[in-house]
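> Return a 3D structure for these sequence lines:
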Amino acid sequence: MSERAARKETANVVWSGSWVSERLGVELVGNGEPGGDGELRELLGLALRRNPKRAHLLVSNVLGKHVPQRPSVVYGTGFELGRRVRELLGDDAARRAVVLGYAETATGLGHAVADGLGVTPYLHSTRRPVEGVARAGGFEESHSHATSHLLLPEDPTLLAGDGDGGWAGDPLVLVDDEFSTGNTVLNTIRALHELYPRDRYVIVALVDMRSAADRGRLAELAEEIGARVDLVARGTGTIRLPDGVLEKGQALVEAHEPTQAAAEAGPAGAPVPERSADGPCTRVELEWPADVPDGGRHGFTPAHRAALESALPAMATRMAEALGAGTRRVLILGFEELMYAPLRLGTALEERTDAEVRYSTTTRSPVLAVDDPGYAIRSRLVFPAHDNPADGPGDRFAYNVAGAGFDAVVVVVDSVADTPELHAPGGLLAELAAHTSHVLLAVVPSYVPSYAPTPAPERQEPSMLPEPLRGPAFSSYAPDEVGWLLQDLSDTELEAPTEEREEAIQSGGAHYAESLPVEYQPSAQYQELFKAALDLSAARIARAVGVVTETVLAERTPRPVLVSLARAGTPVGVLMRRWAQHRHRLDLPHYAVSIVRGRGIDANALRWLAAQHDPADVVFVDGWTGKGAITRELSAALAEFDGFDPEIAVLADPGGCVRTYGTREDFLIPSACLNSTVSGLISRTVLRSDLVGPDDYHGAKFYRELADSDVSGHFLDTVAAYFDEVVDAVDAEVKELLTADRAPTWDGWAAVERISEEYGIHDVNLVKPGVGETTRVLLRRVPWKILAKRGAGADLEHIRLLAEQRGVPVEEVDGLPYTCVGLIHPKYTRGATGADGKSVASQ
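Numbers count the residues shown, from 1 in each chain. All right, here's what the predicted structure looks like:
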């Protein structure tokens, strides 16, 4: 379909931004040329979202993300932009260029731009880490729902360039759907220029909507880095925002969210197709060509492009045959970052069917739906993530599908996303089946780079692995209390200043487990606060210890092998062991192992455990749940090991993440108040390739020099002294729990996602819920602010003291499901004070 035909189709139709414009006074203003305003309205609509920084959302009509559009229009728009870039660069420079697209919305657009150039490789950023593929860089996106971008090219020299003129002569073409403030693209150029400097950049966007204040920044950047920076856009203008638009927008969202369920049912009067008798889903075997990537996550070369072009007609024919002759209106629905493969399947299908073909993709971004022709998002479907995302489970969305009259929907996913969650009740396929008569599923093989990670040397047999470390040689605990399946790194300098660690972690330069924070040395006032808190809560902790231990003994195994997750889980494991000994005369083995978010559990420790004990008897123990990240990490890690039960037993489960717990209250566990001095003088665990080899346990340090401040034994003895007093209460509570529904609710994760959006953080890893996690933020990270439940009392005294000592504001809020939540400074750079990570306080 031609661009002119697309315009004709939208003529005399209500503008899909009028609803927002009329209520908020938001205006799209063209570039001053005749028809400029009208052209912007053809390209963009408006919607609202819950976001403390920007309530409005520019919704593209030609991107193929939120609004179903003809595949040929979506592809043709990007392809034409690529042709314009080639004319700008000239054929020689175009052959040496690399195109980089942004996840998730611009992955398909960037690919189409690369196709328009014709001779260039393509790479897009991703939020999906891939084991064995080294990072070539990374960056953050300030306004996005999910911000962390990884660059994972299969060819490590792709971004460095290897043209005849050297890397400096190879242009980098950066493609995003909109260029609004310019922050994301400009920050990307700065970050990549430090790693791979070059003398030319081209920015490509569907629309350039920068304000007058932002327009000069492009020239300033070019002068700053000594390079030429050009901009190519399909449409140009700006958006006028009246005073108070953010508050008015938030009020509109709050007013219409109660009617969201009605909006999700689709536009009023739209027919709901009859359900197919064949079931909710028909698989289409595409026969995707071997060695052609599913997209540009690891790079997509001109050779890949040629192989795909030759295979598209046959794949489209298979889709057309599966749809049948009676199909009138079909949607090709892509999946988050997987935009290009379904787009090209859609363009090929358009040529092989008489049906009307539209294309859009699912997304992470939550947007308000309003059933009005003057609003860009008229309906939405909500379903759980189905690709085991690295940042944990969460809702995903498909917009303008319900009620749109599609009698068939072809869902295109990669094989990583073809999971039970996709097919489950309430999953994407089931949600679609309620709104169309025929759902088809086409799975594209997830591309894995051709090279394999460097093979590790043969692993030691379990009998050759070292025996656990024990006190007093390693830790201040008695030798029978716990065996540490760790290696001793006490003589290695691992500590780094908190600010340096935070900057390195958030910039992608280091993982948090590669260094240690400087051990917090508590003041006399803070030590007194710890002792007072322990006296106040010891009985409550003893009761929780009893409940979780008795639940384990009743439901899991009569002779459990306790394996605590070092180090927060270790004091709890010791207390559970003491309860079993005191109450039942059981001498339970107890070990501590390392687990690292994003890296998994210590595999060698598991091998040692499997050699010494029945894996079915192993019960993993932790102190508390926050949002459940470690719970999910453990479950994923144990998938490679037979016999281990991934269910964690925890003292406190305020996040609703596990079935086996002592309490679901969020209260002060005094062991969270301190670091090593309440954990046997052991550091948190370390995993760094130059220190931990393939046959080693993860590492940790024993801080012998802090012996005078050690209260590890005092904590254990104080709690254990209450065991006899709480026995009756424990028995009554366990009896009730064993017959109760204790299925995880994941309420904590939902709250974290909401807080991440409301406070403009857009990264759940920087939101730490609960008293224990908030304490860790104040002791180990660079805190931004603390959210405290209004009226919270003694459980937060130590939080308030630490916050005062570090100059961190404590904000009392209503409706908080936790006693408190710690917010790590988003986008931290040293000296930063604002949420953008750039504002600097006056000195």
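> from here on, contacts and neighbour counts on C-alpha atoms
Noted.
> Identify the bridge partners of Leu174.
Legend: beta-bridge partners of Leu174 under DSSP bridges are Leu100, Ile203.
> Distance of it relative to Ala233?
Spatial separation of Leu174 from Ala233 under the definition C-alpha to C-alpha, to the nearest Å is 12 Å.
> how near is the residue lying closest to Pro560 once chain neighbours are set aside to Ala720?
In space, Pro560 comes closest to Asp617 once its chain neighbours are excluded; the distance is 5.0 Å by C-alpha to C-alpha, 6 or more residues apart in numbering. Plainly put, Asp617 is 25 Å away from Ala720 if you go by C-alpha to C-alpha.
> Same drill for the two, tell me which one is more crowded.
Neighbour tally, Asp617 and Ala720, criterion other C-alpha atoms under 10 Å: the higher count belongs to Ala720, 22 against 18.
> Do I have it right that the more buried one meets Ala542?
Yes: here Ala720 lies in contact with Ala542, judged by C-alpha atoms under 8 Å, at a distance of 6.5 Å.
> Who are the contact partners of the residue nearest to Pro560?
With contacts taken as C-alpha atoms under 8 Å, 6 or more residues apart in numbering, Asp617 has the following neighbours: 556-557, 559-561, 644.
> hmm, back to that, need the residues touching each of Leu174 and Ala233.
By C-alpha under 8 Å, 6+ apart, Leu174 and Ala233 have these common neighbours: Val204.
> out of the two, which sits in the more crowded spot?
When Leu174 is set against Ala233 and neighbours are counted by other C-alpha under 10 Å, the residue ahead is Leu174, at 24 against 20.
> Now do the helices in the stretch 651-800 of the chain.
In the stretch 651-800 of the chain, the segments counted as helices under DSSP state H, counting those that start in this stretch are 712-720, 723-737, 747-758, 771-780, 797-806.
> I'd say Ser18 and Asp372 touch.
No: with contacts defined as C-alpha under 8 Å, Ser18 does not count as touching Asp372, sitting 9.7 Å away.
> between the two, which one's more packed in?
Ser18 (22 against 17).
> For the stretch 501-650 of the chain, which segments are assigned as strands?
When secondary structure is read from DSSP state E, counting those that start in this stretch, the stretch 501-650 of the chain shows strands at 516-517, 561-565, 590-593, 595-596, 600-601, 618-624, 648-652.
> what helices or strands is the fourth one leaning on?
Pointing back at strand 595-596 there. helix 629-637 (3 or more C-alpha pairs under 8 Å, 6 or more residues apart in numbering; DSSP states H and E).
> Now do the helix it packs on: distance to the chain's middle.
On the basis of C-alpha atoms, centre = their mean, to the nearest Å, helix 629-637 is displaced by 14 Å from the centre of the chain it belongs to.
> And for stretch 702-718?
Its chain's C-alpha centre and that of stretch 702-718 lie 37 Å apart, by C-alpha atoms, centre = their mean.
> Give the buried residues for it.
Judged by neighbour count using 16 or more other C-alpha atoms under 10 Å, the buried positions of stretch 702-718 are 702-704, 710-713, 715-716, 718.
> what's the most buried one of the strands of the stretch 501-650 of the chain?
strand 648-652 (a mean of 29; mean count of other C-alpha atoms under 10 Å).
> Quick check: the gap between Tyr375 and Tyr359.
Distance from Tyr375 to Tyr359, by C-alpha to C-alpha: 19 Å.
> Out of these two, name the residue with the larger neighbour count.
Shown here are Tyr375 and Tyr359; by other C-alpha under 10 Å, Tyr359 has more neighbours (31 against 22).
> Quickly list what the more buried one is bridged to.
Gln69, Ile332.
> Would you check that it makes contact with Val73?
No: Tyr359 is not in contact with Val73 according to C-alpha under 8 Å; the separation is 9.8 Å.
> and the gap between Pro769 and Val777?
When C-alpha to C-alpha is applied, the distance between Pro769 and Val777 equals 10 Å.
> who touches Pro293 in this structure?
Residues near Pro293 by C-alpha under 8 Å, 6+ apart: 299-300, 304, 445-448.
> can you rerun that using 10 Å?
With contact set as C-alpha atoms under 10 Å, 6 or more residues apart in numbering, Pro293 has these partners: 299-301, 304-305, 308, 341, 444-449.
> Angles on the backbone of Arg49, please.
Arg49 has phi and psi values of phi -140, psi 160 when expressed as degrees, to the nearest 10.
> That one - nearest residue in space that isn't next to it in sequence?
By the measure of C-alpha to C-alpha, 6+ apart, the closest residue to Arg49 outside its immediate chain neighbours is Val367, 4.7 Å from it.
> name the element Leu231 belongs to?
For Leu231, the host element (DSSP states H and E) is strand 228-240.
> and that strand, which strands flank it?
Taking DSSP bridges as the criterion, strand 228-240 forms sheet pairs with strand 27-30 (antiparallel), strand 200-208 (parallel).
> Next one: Ser523 from Leu674, what distance?
According to C-alpha to C-alpha, Ser523 and Leu674 sit 11 Å apart.
> So for those two, which sits in the more crowded spot?
Neighbour tally, Ser523 and Leu674, criterion other C-alpha under 10 Å: the higher count belongs to Leu674, 23 against 9.
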